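Chemist: What follows is a predicted protein model with its sequence.
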Amino acid sequence: MGSLVSGRISDHFGRRNTLLMTVPIYVAGWLSMAFAPTAIFVFVGRFICGFGNVITFIGTQLYSSEIPEARFRGRLASLPSLFISLGALLIYGLGAALPWRTGCLVVIAVPILFFFALLLIPESPYWLLLKDRDEEAVAAMRWLRGTHYDIDPELREMKEKLASVGSKAKISELWKPRTRKPFLIGILMQTLQQLCGANILIMYAGTFLMKSGSRVNPHMDVVYIGIVQLMVTLLAVGLMDKVGRKVLLIMSVSGVSVCMTAMATYFYVLSIGEEWPDWVPVVIIMGAACSYCIGCRSVPVLLTAELFNTTIRSTANSICTFYNRIIYLIMMQIKGTSESYKDYRLSMDRDAFNGDVQFVVGRVVLLYSQLPLVIIPYHPVSRPRLNTNHLLCFQQTFPFVETVVGTHTPLYFHGAIAFIGVIVTAIYVPETKGKSLEEIQEYFESDGKEKSKDLKPSENMAYVEEGN
């Protein structure tokens, strides 16, 4: 739901102000969960934080893609993915060390610090120019670039581009030739991110390890995978402006395709009575996590923020994010398997209440945990079982498909989708490394008439890089 309104909010109030507005939303959500007398308050708090989550995610991506120079944009705009990995890893430790109610209160400090940090930075110059607040845009650019940087050429280019596309966002802009192609690429990237299947291997890692008979503790899989994701995402941030978005994405999806196919083959071999070493699924899952984080996790989000002109950028990002969440819900669909919720009651025993709600909320957060600000503490080791006669439990789509056609079939399907994604990416997705947002827009306005499928660094950009 937050993705449906985040674009309009960001366009109306500004990128920074939108992020400031999410802080009381988070505080209200965490307080609702921390002092929840019944489970319904936990779900209400989760809904509130989930709503603010998407607004923050889109606002952060817009801001971090609009403020930097072209040579730094890839690294800066990839940082949200890095902090997602860092936040998830830290919160697993917090969830293991503290009761979940105490953890909710501790996490409130994060959005509060976020609020005061935002007060120290300026609004996006692009948004200020969009609202004809030129003097403030100049001041913001001087703050961002420094007093010795010549901001006039950059500001002039930004104004010229805004004049050519207009300052009023209209949904019809998405169907114009200059916007239609980047919009379709954005939708393609969101589809590939979810349907490549890496999330399946990562989220069901414990299940796969138990089925394979591996001696690795399946309850610690989230910790191991979290460490791997953090390290590889850090590597991806460093490579984003050196190797390029397109190259990283092709490497990433290719690796995911290989891992999905390998895991499918492993379970097919098991289904016919043969066995492979039990370390094989561990290597495959870690390989999938590495492949996913090197590009497929951050590049689709980065490209979606880069490809559109300033007028439609926030609206297009909102639509692409909403589409992404729809696919995610289909992939990880929640289905109640207990009695109706009105008959649902939690045991009033304190330990049972803590354990059961911790497990329930831990599962729900898998649908929404996109930023470290909104990840609820979740104990990864000692997960108590749910009483299915009295508790709401969840059945995801993948286990259902797995039961019907076998474990290997959906894995082969995702591997094939990833392979197709590699080909489509190589043909249709342009390289945006080292290009300003205006140069990217000009590329799509000319519809690639320069006879080049990839954007090439401009002369000014090359000069800057040589100077460094």
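Modeler: Received the coordinates, thanks.
Chemist: quick one, what contacts Ile55?
Modeler: 2, 5-6, 9-10, 18, 21-22, 25 (Cβ atoms under 8 Å, 6 or more residues apart in numbering). No exception for glycine: its C-beta is placed from N, CA and C like everyone else's.
Chemist: In helices, which of those residues appear?
Modeler: Within the contacts of Ile55, residues falling in helices by DSSP state H are 2, 5-6, 9-10, 18, 21-22, 25.
Chemist: which of these has the most neighbours?
Modeler: Counting neighbours by other Cβ atoms under 10 Å, Thr22 comes out on top of the ones in helices among the contacts of Ile55 with 29 neighbours.
Chemist: any idea of the pLDDT on it?
Modeler: pLDDT for Thr22: 92.
Chemist: How about Glu135?
Modeler: Taking Glu135 on its own, its pLDDT is 90.
Chemist: picking that back up, spatially, which two of the contacts of Ile55 are the most separated?
Modeler: Ser10 and Ile25 (14.5 Å; Cβ to Cβ).
Chemist: show me where pLDDT drops low in the protein?
Modeler: Counting by pLDDT under 70, the chain has low-confidence residues at 1-3, 165-169, 212-222, 332-406, 447-468.
Chemist: Reduced to three states, what does the residue located most distally from the centre of it come out as?
Modeler: Distance from the C-alpha centroid of the chain peaks at Gly273, with 39.0 Å (Cα atoms, centre = their mean). With DSSP: H, G, I helix; E, B strand; the rest coil as the basis, Gly273 sits in coil.
Chemist: what's near enough to touch it?
Modeler: Per Cβ under 8 Å, 6+ apart, neighbours of Gly273: none.
Chemist: Please apply the same query to the one 3 residues further on.
Modeler: By Cβ under 8 Å, 6+ apart, the contact set of Trp276 is 266, 269-270.
Chemist: Validate this expectation: it resides in a strand.
Modeler: No: secondary structure assignment (three-state DSSP) places Trp276 in coil, not in a strand.
Chemist: Just want the phi and psi numbers for it.
Modeler: Backbone torsions of Trp276, given as degrees, to the nearest 10, read phi -110, psi 170.
Chemist: From Ile285, how far off is it?
Modeler: Plainly put, Trp276 is 14 Å away from Ile285 if you go by Cβ to Cβ, to the nearest Å.
Chemist: Emit the PyMOL select command for whichever of the contacts of Trp276 are buried.
Modeler: In PyMOL syntax, the buried subset of the contacts of Trp276 is picked out as below (16 or more other Cβ atoms under 10 Å):
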select buried, resi 266+270
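Chemist: can you pull the buried residues of the helix or strand in which Gly186 is found?
Modeler: With secondary structure defined by DSSP states H and E, Gly186 is part of helix 177-195. For helix 177-195, a neighbour-count test (16+ other Cβ under 10 Å) marks 178-179, 181-183, 185-195 as buried.
Chemist: what's the closest of those residues to Ala39?
Modeler: Once Cβ to Cβ is applied, the member of the buried residues of helix 177-195 that ends up nearest Ala39 is Gln194, at 28.8 Å.
Chemist: if you skip the residues just before and after it, what's nearest to the closest one?
Modeler: Among residues not flanking Gln194 along the chain, Ile327 sits closest, at 4.3 Å (Cβ to Cβ, 6 or more residues apart in numbering).
Chemist: same thing with Thr304?
Modeler: Gly186 (4.4 Å).
Chemist: returning to what we had before: from the contacts of Trp276, which land in helices?
Modeler: Per DSSP H, the contacts of Trp276 map to helices at 266, 269-270.
Chemist: Which member of the residues you listed is positioned nearest Leu82?
Modeler: Tyr266 (30.7 Å).
Chemist: Correct me if wrong: that closest one contacts Ile284.
Modeler: Yes: taking contacts as Cβ atoms under 8 Å, Tyr266 lies within contact range of Ile284: 6.9 Å.
Chemist: circling back to that earlier point, which of the contacts of Ile55 lies closest to Ile440?
Modeler: Checking the contacts of Ile55 one by one against Ile440 (Cβ to Cβ), the nearest turns out to be Ser10, at 19.5 Å.
Chemist: show me the contacts for that closest one.
Modeler: With Cβ under 8 Å, 6+ apart, Ser10 has these contacts: 18, 55, 58-59, 62, 127, 314.
Chemist: Now the two most distant members of those.
Modeler: Going by Cβ to Cβ, the pair spanning the contacts of Ser10 furthest: Ile55 and Trp127, at 15.3 Å.
Chemist: So what does the closest residue to Arg297 other than its chain neighbours look like in phi/psi?
Modeler: Nearest residue to Arg297 in three dimensions, chain neighbours excluded: Ser81, at 5.4 Å (Cβ to Cβ, 6+ apart). Per-residue torsions, Ser81: phi -60, psi -40 (degrees, to the nearest 10).
Chemist: Kindly export the helix or strand containing Leu31 (C-alpha atoms) in CSV.
Modeler: For Leu31, the host element (DSSP H and E) is helix 15-34. Coordinates of each C-alpha in helix 15-34 appear next as CSV, following Å, rounded to 0.1, in the frame of the first residue of the first chain:
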residue,chain,number,x,y,z
ARG,A,15,12.5,13.6,-1.0
ARG,A,16,14.0,14.6,2.3
ASN,A,17,10.7,15.7,3.9
THR,A,18,9.1,12.5,2.9
LEU,A,19,11.8,10.5,4.7
LEU,A,20,11.3,12.8,7.8
MET,A,21,7.6,12.0,7.8
THR,A,22,8.2,8.3,8.1
VAL,A,23,9.9,8.6,11.5
PRO,A,24,6.7,9.0,13.6
ILE,A,25,5.2,6.1,11.5
TYR,A,26,8.0,3.8,12.6
VAL,A,27,7.9,4.9,16.2
ALA,A,28,4.1,4.3,16.3
GLY,A,29,4.5,0.9,14.8
TRP,A,30,7.3,-0.2,17.1
LEU,A,31,5.4,1.0,20.2
SER,A,32,2.3,-0.8,19.1
MET,A,33,4.3,-4.1,19.0
ALA,A,34,6.4,-3.4,22.1
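Chemist: On the C-terminal side of it, identify the next helix or strand.
Modeler: Moving toward the C-terminus from helix 15-34, the next helix or strand (DSSP H and E) is helix 39-66.
Chemist: So which bits of that next one are buried?
Modeler: Buried, per 16+ other Cβ under 10 Å, within helix 39-66: 39, 42-43, 45-46, 48-66.
Chemist: again, but for stretch 114-132
Modeler: Result for stretch 114-132 [16+ other Cβ under 10 Å]: buried residues 114-115, 122-130.
Chemist: of the residues you listed, closest to Ile227?
Modeler: Of those, the one sitting nearest to Ile227 (Cβ to Cβ) turns out to be Phe114, at 24.6 Å.
Chemist: Look up phi and psi at Arg297.
Modeler: Dihedral pair for Arg297: phi -80, psi -40, per degrees, to the nearest 10.
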